[in-house]
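Engineer: model this:
(one chain, ligands or ions: 2)
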Amino acid sequence: MVSRLRNMITAVTKYGLPKSKIKKLGSLALLSFFVFLACTPNQDQQKSTAVDQPVSIAIPHFPEMPVPENRPITKKRIALGKKLFNDPILSKNQDISCASCHLSAKAFTDGRNVSTGTEGRQTLRNSPTLFNLAWQPYLFMDGGNPTLESQVFGPIEEHTEMDNPFTEAMARVAASAEYQRLFKEAFGDDVNPFTLTTALSTFERSLVSYNSPFDQFYYYGDSSALSPSAQRGLQLFTSEALACESCHSFPLTTNFSFENIGLKMHYQTDSGRARVTQVAADHGKFKVPTLRNITLTAPYMHDGSVETLSEVIDHFAAGGVGHPNQSKQVNGFAITARQKEDLLAFLASLTDTNSYQQYQD
Ligand code: HEC
Ligand code: HEC
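Structural biologist: Ligands and ions are numbered 1, 2, ... in the order given. Here you go, the predicted structure:
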């Protein structure tokens, strides 16, 4: 199994990775580090350019990662973006960083119902995981933000998050001699809106989760990766009766559509997709979230109103509350206690400690 995956690895620098290095990648877990191995430029290449060489992150069983042509991923940009992500310098009172609400140990969520920003202000929504953002066609639960780069302005300026004018955040970064040096090294350029947003978006694109027991079982034929119970849970997840996979489609565990799952009868504080479209039929619809690392990201739903995965299953089994916009796929099903255990075992198999450990600070 391991050797099959190794042969499928296609992540290489623009100039290709020497065969000898590929052979040294001995285990599946090491695929996680491939991007870092792959991006060591040789001496000649280093001399010819001021900045480091582009790397591509290719996951064999995922669609090709879309990366804007003018923002290639490089090792130094990832490192710079990570530093900014963890630095409270961007917030008004210099007390909150992106990582305050997106903790790596919780798959980049924060364990709260809704997040708390600067001066104890409550946000509207539950903090979502930041894994596999690169494949998202639009951001936010209402799809109201088109790109990772434009998204950066959101939390920095938002009153309930960092509450800082973007120009002020940028000026502070630019005033730091250390950041000036790091931006020069990563971009051959100063701190400006393009380089600042690109550093953060590049770090975000590097957050990939693809190496869970489910992946090992389903895509690489490792029959021992899932317990018999989790295997039965997988059958249930994809069954016509439960229809989970019709929305949480493989391999990303989302089809990115907007759906109303009948969580409540009245979505007064947050109308979801309708906030963007102003269309009544979109009331209570939210972007289908990824289920990868779902055991690490409680509480659940856009408002964090559901505490456990067991209660999430109860919700779908009951068929929702019957909101007029509710999806036809959410129509209830019968499930025994043992089947529920199986489905929970399957959901747990989407947790990918192999991929996320490398991001621990
Ligand atoms: C105060 C807490 C808080 C801070 C600080 C914060 N975020 Fe978030 N983040 C959230 C919440 C809550 C959401 C969900 C917003 C929504 O969907 O409308 C979110 C959503 C996102 C998304 C969209 C994810 C998706 O699946 O659509 C990205 C990307 C993101 N944040 C990155 C960042 C970055 C980068 C920073 C720092 C510049 C940051 N966040 C700072 C709480 C926070
Ligand atoms: C019609 C599409 C659809 C179907 C079918 C569906 N889901 Fe979902 N699921 C969603 C949407 C949309 C949300 C987010 C709703 C919200 O935040 O209000 C969600 C949320 C979840 C969450 C919480 C995720 C988080 O990060 O908060 C879990 C867990 C989940 N679904 C599991 C399942 C399981 C298990 C099934 C099958 C029994 C299933 N879903 C069927 C669309 C669907």
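
Engineer: three-state assignment of the residue nearest to the spatial centre of the chain?
Structural biologist: With distances taken as Cα atoms, centre = their mean, residue 131 lies nearest the centre of the chain, 2.1 Å away. Under DSSP: H, G, I helix; E, B strand; the rest coil, residue 131 falls in the coil class.

Engineer: Output the below-cut-off pLDDT ranges for this structure.
Structural biologist: 1-51, 355-361 (pLDDT under 70).

Engineer: Please list the residues of this protein that sit near ligand 2.
Structural biologist: 242-244, 246-248, 259, 261, 263, 286, 288-289, 291, 294, 297, 300-302, 309, 312-313, 316, 327, 329-330 (Cβ under 6 Å from any ligand atom). All C-beta atoms are positioned from the backbone trio N, CA, C, and that covers glycine.

Engineer: Quick one: residues contacting residue 225.
Structural biologist: For residue 225, the contacting residues are 213, 214, 216, 217, 349, by Cβ atoms under 8 Å, 6 or more residues apart in numbering.

Engineer: quick one: secondary structure of it?
Structural biologist: Going by three-state DSSP: residue 225 is coil.

Engineer: Would you mind listing the outside residues contacting the strand or helix carrying residue 77?
Structural biologist: Following DSSP states H and E, one finds residue 77 within helix 75-85. Residues from elsewhere that reach helix 75-85 (Cβ under 8 Å, 6+ apart): 35-36, 39, 51-52, 55, 90, 97-99, 102, 173, 182-183, 185-187, 196, 198-204, 206.

Engineer: Give the buried residues for it.
Structural biologist: 75, 76, 77, 78, 79, 80, 81, 82, 84, 85 (16 or more other Cβ atoms under 10 Å).

Engineer: Same check on stretch 112-126?
Structural biologist: Under the neighbour-count criterion of 16+ other Cβ under 10 Å, stretch 112-126 has 113, 114, 115, 116, 117, 118, 123, 125, 126 buried.

Engineer: and if you look at stretch 62-70?
Structural biologist: Within stretch 62-70, the residues that count as buried by 16+ other Cβ under 10 Å are 62, 65, 67.

Engineer: Flag every buried residue along the helix or strand hosting residue 167.
Structural biologist: If you go by DSSP H and E, residue 167 is part of helix 166-174. By neighbour count on 16+ other Cβ under 10 Å, the buried set for helix 166-174 is 166, 169, 170, 172, 173.

Engineer: Looking at those, which is nearest ligand 1?
Structural biologist: Closest approach to ligand 1 among the buried residues of helix 166-174 (Cβ to the nearest ligand atom): residue 169, at 8.5 Å.

Engineer: how close does that closest one get to residue 114?
Structural biologist: Per Cβ to Cβ, to the nearest Å, residue 169 is found 23 Å from residue 114.

Engineer: Check residue 261 too.
Structural biologist: Distance, residue 261 to residue 114, using Cβ to Cβ: 18 Å.

Engineer: Show me the strands in the stretch 151-300 of the chain, by range?
Structural biologist: 258-259, 286-287 (DSSP state E, counting those that start in this stretch).

Engineer: Which one, of those strands, ends up nearest to ligand 1?
Structural biologist: The nearest among those, by Cβ to the nearest ligand atom, is strand 286-287 at 6.7 Å.

Engineer: residues making contact with the closest one?
Structural biologist: Residues contacting strand 286-287 (Cβ under 8 Å, 6+ apart): 138, 140-143, 254, 256-261, 272-273, 302.
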